[in-house]
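Novice: below are the sequence and a predicted model; questions follow.
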Amino acid sequence: MSKDDPKAKAVAKPGVDADAIRELSALLNETGLTEIEIEHNGARIRVSRAAVNAAAVAASAPVAAAPVAAPTASGPVAGAVPSPMVGTVYLAAEPGKPAFIAVGKPVKEGETLFIVEAMKTMNPIIAPRSGTVTEICVSDKDPVEFGQTLCVIG
């Protein structure tokens, strides 16, 4: 059989595309995703990395923000509310609605401050304590990293 023979094509299996795996791995690192799977020309490639309780974090609702301040170059900021996950932050419940919080406004412990979308799940970020919002460190639809300060409550 020659390689142009239709029977030969049906028997041939796609090889491992190391370049595609490298590109997908880089994409995982860039986006913060834990798994990517693609299918192209009958070949399926799945790249994943181990994540500590990532499924539990994404599935739990509501997610409470840790009361521990996120470290900065000058040390932790008192009253900082860090993002508990990688995702996209939203300042309001939906487009066109007022923001959950504003600088100078009081918040109560347990009140929703933001929503962080991670893996198509909307996760409310809850005030760890009562106080007054002294700073909002993110804008609507900003990508956020784990531990990044979202706001400061004084």
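Specialist: That came through, no problem. Residues are numbered from 1 along each chain as shown.
Novice: lowest confidence element among the helices and strands of the chain?
Specialist: helix 54-59 (a mean of 38; mean pLDDT, DSSP states H and E).
Novice: packing partners for the host helix or strand of Ile125?
Specialist: If you go by DSSP states H and E, Ile125 is part of strand 121-126. With contacts taken as 3 or more CB pairs under 8 Å, 6 or more residues apart in numbering; DSSP states H and E, strand 121-126 sits against helix 54-59, strand 63-64, strand 87-90, strand 112-118. The way it works is simple: take the backbone N, C-alpha and C, and place the C-beta from them, glycine included.
Novice: mind listing what's buried in it?
Specialist: Buried positions in strand 121-126, judged by neighbour count with 16 or more other CB atoms under 10 Å: Thr121, Asn123, Pro124, Ile125, Ile126.
Novice: repeat that for stretch 135-147.
Specialist: So for stretch 135-147, counting by 16+ other CB under 10 Å, buried means Ile136, Cys137, Val138, Val144, Gly147.
Novice: mean confidence for it?
Specialist: Across stretch 135-147, the average pLDDT comes to 96.
Novice: again, but for stretch 77-95
Specialist: For stretch 77-95, the per-residue pLDDT averages 93.
Novice: buried set for it?
Specialist: 77, 79-87, 89-91.
Novice: and which of those residues is nearest to Glu109?
Specialist: Val81 (11.5 Å; CB to CB).
Novice: return the set of residues that bridge with that closest one.
Specialist: According to DSSP bridges, the partner residues bridging Val81 are Cys151.
Novice: relative to Thr112, how far out is it?
Specialist: Going from Val81 to Thr112 by CB to CB, to the nearest Å gives 12 Å.
Novice: run a quick neighbour tally on the nearest residue to Val103 once chain neighbours are set aside.
Specialist: With sequence-adjacent residues excluded and distances taken as CB to CB, 6 or more residues apart in numbering, Val103 is closest to Val133, at 5.4 Å. Residues contacting Val133 under the criterion other CB atoms under 10 Å number 21.
Novice: for Val133, give me its contacts.
Specialist: Contacts of Val133 were listed using CB atoms under 8 Å, 6 or more residues apart in numbering, and they are Ile101, Ala102, Val103, Gly104, Lys105, Pro106, Val107, Cys151, Val152, Ile153, Gly154.
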